[in-house]
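> Need coordinates for the below:
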Amino acid sequence: ARPSIMQFSSLLAFTEYLPITAMIEATEPVVNPFAAVVIQLIITYATKIFIHSGLSLLVHGYYDNVNSGRFTPTSSGGDLLVKRARQAHENSFEALIVFAVSVGLAVHAGVGGELLERLSTAFVAARLAYVPVYLAAFNTPLSIVRSAVWGFGFIACLRICYHALLAIEVD
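Okay, the predicted model is just below:
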C-alpha cells in the first residue's frame, strides 16, 4: 500500500517540538508568499551577478566565465571569498527550489493567509541574512551561525509543507 498523507505529515510533525518553531511562526508577516518566491529568485541571481562576479572582478581584475568555478587547494584570501560567493549562489538555487515547491504545495492545499505569510517572511529574512553570513564564515563559530541561519529558513519550508499536508483532504 502507498503511504498516506498523514504518514507524510507525521514525518514533519517533529518540527512542532523545535524551540525555534514558535519564533518562526511568530514572525511578523511582511511579504506574501508569491512575492517571497520572487525575492528569493532575485537573491539567487543578485548573488551571482553582483557578489560572485563583482568579487571576481575586484580580486582578479576580470571575470572568467569559462573557469568561474575552478579553484585550487592552495586558493587563499580573495580567491576563497570568490569561491564562497559562488557557493552562496549555488545554495541560493537549492533554497529557491525547496521554497517555491513548498509555497506551491501550500497554495494548492489551500493554506494561506497570515500563517503562510509569516512562514514566507521568516524564510526571506533567513535568506537575506544567509549570503553575508556565508561570505563571512571563514571560521568554526561563524560557520555555526551560517548553519543556524540556513536551518531557520529550512525549518520555515518544512513548516509550510507540514501545514500543506495537514490541509490536504484525504479521500
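> How are the strands of the chain distributed by residue range?
With strands called from DSSP state E, the chain shows none.
> what comes up buried for stretch 138-150?
Within stretch 138-150, the residues that qualify as buried are 146, 149-150, counting by 16 or more other C-beta atoms under 10 Å. Where C-beta positions appear, they are placed from N, C-alpha and C, glycine not excepted.
> Present the residues you listed as CSV; the columns should include distance to S9 and pLDDT.
As requested, these are arranged in CSV below (distance: C-beta to C-beta, whole Å; pLDDT from 0 to 100):
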residue, distance to S9, pLDDT
R146, 29, 96
V149, 26, 96
W150, 23, 96
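> ok, those vs A136, which is closest?
R146 (8.2 Å; C-beta to C-beta).
> any low-confidence regions in this structure?
In the prediction, the chain carries residues with pLDDT under 70 at positions 1-8, 66-77, 169-171.
> Determine the set of other helices and strands touching the longest helix belonging to it.
Scanning the chain for the helix with the most residues, using DSSP state H, yields helix 78-109. Where contact means 3 or more C-beta pairs under 8 Å, 6 or more residues apart in numbering; DSSP states H and E, helix 78-109 is packed against helix 33-46, helix 53-60, helix 113-136, helix 140-167.
> out of those helices, which comes closest to S92?
helix 33-46 (4.0 Å).
> Tell me which residues of that closest one come out buried.
Going by neighbour count (16+ other C-beta under 10 Å), the buried part of helix 33-46 is 33, 36-37, 39-40, 43-44.
> which among these gets closest to A156?
A36 (9.8 Å).
> count of neighbours near S92?
Neighbourhood size, S92 [other C-beta atoms under 10 Å]: 23.
> Quick check: it touching T44?
Yes - counting by C-beta atoms under 8 Å, T44 is a contact partner of S92 at 4.0 Å.
> ok so, going back, closest to L119 out of the buried residues of helix 33-46?
For the buried residues of helix 33-46, the nearest to L119 is P33 (8.1 Å; C-beta to C-beta).
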